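> only the shape, not the letters, is given here:
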C-alpha cells in the first residue's frame, strides 16, 4: 500500500467517528434497573441473555436489518417484545417504555472517539475531499451529524434514509465518487464494517481500510482482506 494519503477519502460514521454501539449492554442494564419490578423476578442475567439472543437474530438478516435501521424505535420495541415473550412476560406497553429509556440512554452515552475530531481537522488541512457515507434513518443520522458539528468537514454526505439506499449498494460509493470528482483508484474508504466499508468498495477499485478497534484482526473465517487495518481514525495521520 502506498505510504501517502489518497486523493479523496470516504468515511463511515457509526463506530468509526462516533462510538455508537459500544454502550448497548449498559443501556439495557439501565432499562432493567428501571423496570425490574415489572419483570416478575427475572434476573438481569436472564434478561440480558434474552435481549442479546433476539437482537442478534434481528440484525442477522440483511433486509430485516435495513428496515430496522430506518426505524430504530420499532426495531428496538420488537427486540424487547420478543425477549420478554421468551421470558414469559407479555406486556406491549412495557416494551414501548423500555424502548424510550433505551433510546435515551444510547443518545446520552454516544460520543466521538478520542482523536476523531482532531483527525477530521487534520484531513481537511491536507486539502482532501471528504465524503461521509452512513446507513440509517435520515432524522437519526442527521441529528448525530448536527450534534457533533460534523457537516462542515464533508464535501458530500450520503445518508441511507435520504439517498434511498445504503451501503453496500454500489450506487452509494459511485454517487460519492461523482460528487467528489475522483476515480476509485484515487479513493480510500474507512470504516468498521468489513462488508460495507471494505469489501463492497474494493469491488469498485476503492482502497478499503478497516477500523479494528479491538485489535483482534480479521476473523479467520472471513474472506475479506482489507488493504490496511487501523485501530483508530487517528492512525490515518501516520500517512503522508
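Structure received. Everything quoted here is computed from the prediction, not taken from an experiment.

> chain center to stretch 209-219, what's the gap?
The gap between where stretch 209-219 is centred and where its chain is centred comes out at 15 Å by C-alpha atoms, centre = their mean, to the nearest Å.

> which of the residues in that stretch are buried?
Of the residues in stretch 209-219, those buried by neighbour count under the rule 16 or more other C-beta atoms under 10 Å are 209, 210, 211. For glycine as for every other residue, the C-beta is placed from the backbone atoms N, C-alpha and C.

> quick check, pLDDT for the second one.
At residue 210 the predicted local distance difference test score is 97.

> so what's it bridging to?
The residues paired with residue 210 through beta bridges, assigned by DSSP bridges, are residue 191, residue 229.

> can you get me a residue count around residue 208?
The burial metric for residue 208, expressed as a neighbour count using other C-beta atoms under 10 Å, is 24.

> surely it is in a strand?
Yes: under DSSP: H, G, I helix; E, B strand; the rest coil, residue 208 sits within a strand.

> related to what we said a few turns ago, and the buried residues of stretch 209-219 as TSV, adding distance to residue 195?
What follows is the buried residues of stretch 209-219, written out as TSV (distance: C-beta to C-beta, whole Å):
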residue	distance to residue 195
209	14
210	10
211	14
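
> looking at those residues, which is nearest residue 134?
If you rank the buried residues of stretch 209-219 by distance to residue 134 using C-beta to C-beta, residue 211 comes first, at 14.0 Å.

> ok, that closest one touching residue 192?
Yes: counting by C-beta atoms under 8 Å, residue 211 sits close enough to residue 192 to count as a contact (4.5 Å).

> wait, what's in contact with residue 151?
Taking C-beta atoms under 8 Å, 6 or more residues apart in numbering as the contact definition, residue 151 lies against 145, 157.

> return the distance of it relative to residue 145.
When distances are taken as C-beta to C-beta, to the nearest Å, residue 151 and residue 145 turn out to be 5 Å apart.

> got any residues that touch both of these two?
With contacts defined as C-beta under 8 Å, 6+ apart, the residues adjacent to both residue 151 and residue 145 are residue 157.

> related to what we said a few turns ago, closest to residue 102 out of the buried residues of stretch 209-219?
Where the buried residues of stretch 209-219 are concerned, and distances follow C-beta to C-beta, residue 102 has its nearest neighbour in residue 211, at 25.2 Å.

> ok, so what distance separates that closest one from residue 161?
Using C-beta to C-beta, one obtains 23 Å as the distance from residue 211 to residue 161.

> over to residue 87?
Relative to residue 161, residue 87 is positioned 32 Å away (C-beta to C-beta).

> three-state assignment of the residue lying closest to residue 69 once chain neighbours are set aside?
With C-beta to C-beta, 6 or more residues apart in numbering as the criterion, residue 69 has its nearest non-adjacent residue at 4.9 Å, and that residue is residue 136. For residue 136, the reduced secondary structure class is coil; criterion used: three-state DSSP.
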